[in-house]
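> Give the three-dimensional model of this entry:
(chains A and B)
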Amino acid sequence: MDVMPKWAEVVLVPLISLLLAAVLSALVILAIGEDPIEAVNLMITGALGSTYGWGYTLYYATNFMFTGLAVAIAFQARLFNIGGEGQAALGGLGVALVCLYIPWPHWTLAILGAAIGGAVFGAAWAAIPAYLQAKRGSHIVITTIMFNFIAAALLNYVLVSVLRPAGQMDPATARFPEAVHLPTLHDMLAPFGIAFSKAAPANISLLLAVAACVFLWFLIWRTKLGFEIRAFGQSEPAAQYAGIAPTRIIMITLLISGALAGMMATNNVMGEAERLVLNSVEGAGFIGIAVALMGRSHPFGVFIAAILFGFLYQGGAELALWTSIPRELIVVIQALVILFTGALDNMVRMPLERLFLMMRKEG
Amino acid sequence: MDMYLTLIQLLDSTVRLATPLLLACLAGLYSERAGIFDIGLEGKMLAAAFFSAAIAAITGNVWIGLMAGIGASLVLSAVHGVASITFRGNQLISGVAINFLAAGMTVLIAQAWFKQGGRTPSLIGNGRFEPVTLPFAEAMQDVPILGPLYYELISGHSILVYLAFAAVPLTWWLLFRTRFGLRLRAVGENPAAVDTAGVSVVGLRFAAVAICGVLCGIAGAYLSTALQAGFVKDMAAGRGFIALAALIFAKWRPWHALYATLLFGLFGALETRPDVIQTITGMRVQGQLLSALPYVMTVIILAGFVGKAIPPRAGGEPYVKER
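Model prediction:
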């Protein structure tokens, strides 16, 4: 009983939503007295015009892939996980502990250990809201928001009072040992004779993020568990009738979601900062919401959307550097994307459906 | 006597810090009682804080500033209403979008208007709400016990504080003693019944969302023109979420909203006075623990361990008229 063909549903609706968000963003830039075309040019050269720009774009994109996938898998089960920020922050703690207290001989082993550490901590932080949603019916959105704040306070405490090395002023852990430093894209591409910027932070975690996209696609569309998650998301009563246990699905989905958010820390904590600092997540958990909405909760869509947001993030930073447009422009664009692709979805869909119905009657 | 004065001062800052929470909490109360979840309280407060400070700075009149703040908050309410009532979008996603929109827009516009790194100029004179000295406060100041209580705690707040406290009985009366209130509550429990009775679900929900906008506007104006003298980036600082927490705590009831926000205000006041806690409990309590306490308590309440908080039944559900 679909009114629209699949291509319109998957491509046309999000595209029109994005276009609306872009037009409004351009109007905002105009309203604050700047030239939108020049701004876009600056963003493109800043984010994609050099390997340095690409390095940052891909670094941000890696973060957003993890958090975007985290939100996306929860969306598949109709669960709205706003807790990516807190889960990624706790993932950072997991990665830091693994890197600091286990004497890794080589980074190849360390990245696996760190990914597991981040995943376990992220999943653990999602486990409590998940349990409360599944067993006690507490609203997942409110509990995950609360857990973001609790995570911030907890991390503040841990960094100030527990993990801070003696004699150091800023609340951060010690630097990770040399052996666990991850190779950057510069190191990875140099053997192939490709000169990639040394300064940019993009690192091998990018491959881990891409692998996570593929893994999640396989999980959601090629396994029994994935089927159960989607069925649960489509209709809880029907899923229950078919013998799918809601508690189990809610728990598993949110544990995977938290684990993905936590694994983000291999990129920002292990790959870039090489120590855990306060606010290491820098809002990536929230951007994951926009990325998942834009990517229609599909791993491939998330991949594309993450790169687009990586571009926006790096382009926005360049914009703030060269013009008087502050970085917060990205936050506005992000808000418009969430608004149009998420909340005002029907505003685009309803007229389109009418259009397709009319065309069908004539044809 | 010294201890008494410290206590009075502590309660005084409790009231100050509870006021924006109370206004936002009541705002959420109207909206959620009508079946519209609103996690955009934070964003509306922030937008109102900016616009009231900005317009007050430009015109030099804080009342015009207040109107501008309410206006900005109402615009965001309208967006939320259109998204979640007219187009039956996801109310939570709409709220998230509004929070981001406010966070970005305020800095963007502040930079374009004032070029001071995303803040407004400091407000002076008529540009901000001054404390109101209640009658006889000065005269009573030296009366033991009662004097300081009246002078320090009850008198000397901005007019918005008294407005917020007056809003509590008013809300109770409006919700539980008027026809409008009955319908508003019904639309959050069973919109189909209200619709069958020939009352507009859409109209009622928009009215509730608008009241929510007005109250968030006052809350935001209080932050930037009474609590502080000017807007700074992200100055709502999670208060919208604490207000939501307080709302759950209060189980969507006006008087309980007052108690809950006063409790959270007390936590805020204690956070700035670790010495007081130390003298009372004899222990050093971590500031981080105190700042996390409202959130932890909310989770515990939500889990139903201390009395179950049951939200309005139709909350979060868009109403689809039968076709």
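> contacts and neighbour counts: CA atoms only from here.
Will do.
> residues in contact with A:N279?
By Cα atoms under 8 Å, 6 or more residues apart in numbering or on different chains, the contact set of A:N279 is A:A89, A:A152.
> Quick check: phi and psi at it.
Dihedral pair for A:N279: phi 50, psi 40, per degrees, to the nearest 10.
> now do B:P131
The phi/psi pair for B:P131 (degrees, to the nearest 10) reads phi -60, psi 140.
> which parts of the stretch 1-150 of chain B sit against chain A?
Counting by Cα under 8 Å from any Cα of the partner chain, the residues of the stretch 1-150 of chain B close to chain A are B:83-84, B:87-91, B:93-94, B:96-105, B:107-109, B:111-112.
> Let me see the ranges of the strands in the stretch 151-300 of chain B.
Shown for the stretch 151-300 of chain B, the strands assigned by DSSP state E, counting those that start in this stretch span residues B:157-158.
> Could you measure from B:T178 over to chain A?
Taking Cα to the nearest Cα, to the nearest Å as the measure, B:T178 falls 30 Å from chain A.
> Number of residues surrounding that residue?
The number of residues packed near B:T178 is 12, by other Cα atoms under 10 Å in any protein chain shown.
> what's the answer for A:A190, then?
Residues within reach of A:A190, counting by other Cα under 10 Å, total 11.
> residues contacting it?
Applying Cα under 8 Å, 6+ apart to A:A190 gives the contacts A:F196.
> where does the stretch 101-250 of chain A have low pLDDT?
Counting by pLDDT under 70, the stretch 101-250 of chain A contains no low-confidence range.
> Might you enumerate the residues of it proximal to chain B?
Selection of the stretch 101-250 of chain A residues close to chain B by Cα under 8 Å from any Cα yields A:132, A:136-139, A:143, A:145-147, A:149-150, A:153-154, A:156-157.
> and those residues, which are buried?
Neighbour counting with 16 or more other Cα atoms under 10 Å in any protein chain shown marks A:132, A:138-139, A:143, A:145-147, A:149-150, A:153-154, A:156-157 as buried within these.
> which helices and strands does whichever strand or helix holds A:N156 pack with?
Per DSSP states H and E: A:N156 is located in helix A:140-157. When contacts are defined as 3 or more Cα pairs under 8 Å, 6 or more residues apart in numbering or on different chains; DSSP states H and E, helix A:140-157 sits against helix A:84-101, helix A:107-136, helix B:287-302.
> ok now the second one, how far from the chain's centre?
If I follow you right, that is helix A:107-136. Offset of helix A:107-136 from its chain centre (Cα atoms, centre = their mean, to the nearest Å): 15 Å.
> now it against helix A:140-157, angle please.
If you take axes from the mean of the first three to the mean of the last three Cα atoms, to 10 degrees, helix A:107-136 sits at 130 degrees to helix A:140-157.
> what is the rounded mean pLDDT of the top helix by length along chain B?
As assigned by DSSP state H, the longest helix anywhere in chain B is helix B:2-33. If you average the pLDDT over helix B:2-33, you get 91.
> In it, which residues are buried?
B:8-33.
> what element comes up after that helix heading to the C-terminus?
With DSSP H and E, the next secondary element past helix B:2-33 is helix B:41-59.
> so how far is the helix holding A:N156 off the chain centroid?
The answer for helix A:140-157 is 18 Å, by Cα atoms, centre = their mean.
> returning to what we had before: if you compare the helices and strands packed on helix A:140-157, which one is most tucked away?
Highest mean neighbour count among these (mean count of other Cα atoms under 10 Å in any protein chain shown): helix A:84-101, with a mean of 29.
> orientation of it relative to helix A:107-136 in degrees?
Relative orientation of helix A:84-101 versus helix A:107-136 (the same axes, to 10 degrees): 140 degrees.
> which residue is nearest the middle of the chain?
Reading this off chain A. Centroid-nearest residue in chain A: A:T67, 2.4 Å away (criterion: Cα atoms, centre = their mean).
> Chain B is the one I meant
In chain B, the residue lying closest to the centroid (Cα atoms, centre = their mean) is B:A24, at 1.9 Å.
> And it, how far from B:H157?
If you measure B:A24 against B:H157 using Cα to Cα, to the nearest Å, the figure is 18 Å.
> which residues sit against whatever helix or strand comes next after the helix holding A:N156?
Next helix or strand after helix A:140-157 toward the C-terminus (DSSP H and E): helix A:185-189. Identification of contacts with helix A:185-189 by Cα under 8 Å, 6+ apart yields A:G55, A:A195, A:F196, A:S197, A:K198, A:P201, A:A202, A:N203, A:I204.
> What sits closest to the fourth one if chain neighbours are left out?
Leaving out its chain neighbours, the residue that sits closest to A:S197 by Cα to Cα, 6 or more residues apart in numbering or on different chains is A:Y52, at 5.0 Å.
> Kindly report the same for the third one.
Counting by Cα to Cα, 6+ apart, A:F196 lies nearest to A:H186, which is 4.7 Å off, once chain neighbours are set aside.
> neighbours around the one you found, how many?
With neighbours defined by other Cα under 10 Å, the count for A:H186 comes to 21.
> Distance-wise, check it relative to A:S197.
With distances taken as Cα to Cα, A:H186 is found 6 Å from A:S197.
> do A:P171 as well
30 Å.
> same check, this time on A:G167
Taking Cα to Cα, one finds A:G167 at 34 Å from A:S197.
> So the two - more neighbours on which side?
A:S197 (20 against 6).
> How many residues are close by B:T272?
For B:T272, the neighbour count with other Cα under 10 Å is 12.
> per-residue confidence for it?
79.
> report the angle between the axes of the helix holding A:N156 and helix B:287-302?
For helix A:140-157 against helix B:287-302, the angle by the same axes, to 10 degrees is 160 degrees.
> what stretches of chain B score poorly on pLDDT?
Scanning chain B for pLDDT under 70 picks out the ranges B:1, B:282-284, B:306-308, B:322-323.
> Tell me where it has helices.
Counting by DSSP H, one finds helices in chain B at the ranges B:2-33, B:41-59, B:62-81, B:91-114, B:137-140, B:146-148, B:159-177, B:179-189, B:191-196, B:201-222, B:239-249, B:254-271, B:274-281, B:287-302.
> what angle sits between the longest one and helix B:254-271?
Think helix B:2-33. When the same axes, to 10 degrees is applied, the directions of helix B:2-33 and helix B:254-271 differ by 130 degrees.
> And the last one, by the same measure?
For helix B:287-302 against helix B:254-271, the angle between stretch directions is 160 degrees (the same axes, to 10 degrees).
> List of residues touching helix B:287-302?
Under Cα under 8 Å, 6+ apart, the answer for helix B:287-302 is A:138-139, A:143, A:146-147, A:149-150, A:153-154, A:156-157, B:242, B:245-246, B:248-249, B:264, B:267-268, B:270-271, B:274, B:306-309.
> same deal with the shortest one?
Contact partners of helix B:146-148, identified using Cα under 8 Å, 6+ apart, comprise B:L5, B:I8, B:A137, B:M140, B:Q141, B:D142.
> quick one: buried residues of it?
Applying 16+ other Cα under 10 Å to helix B:146-148 flags B:G147, B:P148 as buried.
> just the fourth one next, same as before
Within helix B:91-114, the residues that qualify as buried are B:91-112, counting by 16+ other Cα under 10 Å.
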